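**Q** need coordinates for the below:
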Amino acid sequence: MRKRRATLLLSGTLVLASCSLTDPTSTLAITISGDTSTLPLGDTVHITVNAINISDKAVTLSAQGSCLLFIQVSSTITGALNYASNDQCTGNPQSVTIAPGETHTTTFAWDGSGLTGTRLPTGTYAIRGGAEVAGKTLVSSSVVIFLE
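**A** Residues are numbered from 1 along each chain as shown. Model prediction:
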């Protein structure tokens, strides 16, 4: 049995499982990390998204159902959106207020399925984390996962 190896890449630089992006208004930093950079058929990757309040005022996240934080998976070749966890949100709108210096975290289990629920083809996919703040969508930089 031959094993394949992939590395986690961001803009040509080796990244050790974590990326972040800070809101231009300097209120929230969104970070994302994954527990693996290669996803074999039948396995699941755990992706953690953090919303960190880096301001001196409380910040409120709001979304439909339990989707205060979300992930988006896109092809690194075409850029097409292949999966979005917030497409599956149902229920009443919810919100959470994050005090200065505090973090709101959600971990997602993703099995390599696309928007239709079927497994995506072998290849490399970029995963971003995101949140809604004051009607504005904030997303992290991406981590890259190779689907076997």
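
**Q** what about Thr44, how many residues nearby?
**A** 14 (other CB atoms under 10 Å). Heads up, the C-betas are built off the backbone N, CA and C, glycines and all.

**Q** contacting residues for it?
**A** Each residue near Thr44 by CB atoms under 8 Å, 6 or more residues apart in numbering is listed here: Ala109, Trp110, Asp111.

**Q** what about 10 Å?
**A** Asp35, Thr36, Phe108, Ala109, Trp110, Asp111, Gly112 (CB atoms under 10 Å, 6 or more residues apart in numbering).

**Q** what do you get for Thr103?
**A** Ala29, Thr31, Asn50, Ala51, Ile52, Asn53.

**Q** in stretch 50-60, what counts as buried?
**A** Asn50, Ala51, Ile52, Asn53, Ser55, Val59 (16 or more other CB atoms under 10 Å).

**Q** select the helix or strand of this protein having the lowest average pLDDT value.
**A** strand 13-14 (a mean of 29; mean pLDDT, DSSP states H and E).

**Q** hang on, the earlier thing: can you lay out the buried residues of stretch 50-60 as a markdown table showing secondary structure and pLDDT?
**A** Below are the buried residues of stretch 50-60 laid out as a markdown table (DSSP: H, G, I helix; E, B strand; the rest coil; pLDDT from 0 to 100):
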| residue | secondary structure | pLDDT |
| --- | --- | --- |
| Asn50 | strand | 97 |
| Ala51 | strand | 95 |
| Ile52 | strand | 95 |
| Asn53 | strand | 95 |
| Ser55 | coil | 92 |
| Val59 | strand | 90 |
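
**Q** nearest to Val143, of these?
**A** Asn50 (12.8 Å; CB to CB).

**Q** surely that closest one meets Gly129?
**A** Yes: with contact defined as CB atoms under 10 Å, Asn50 and Gly129 form a contacting pair (7.7 Å).
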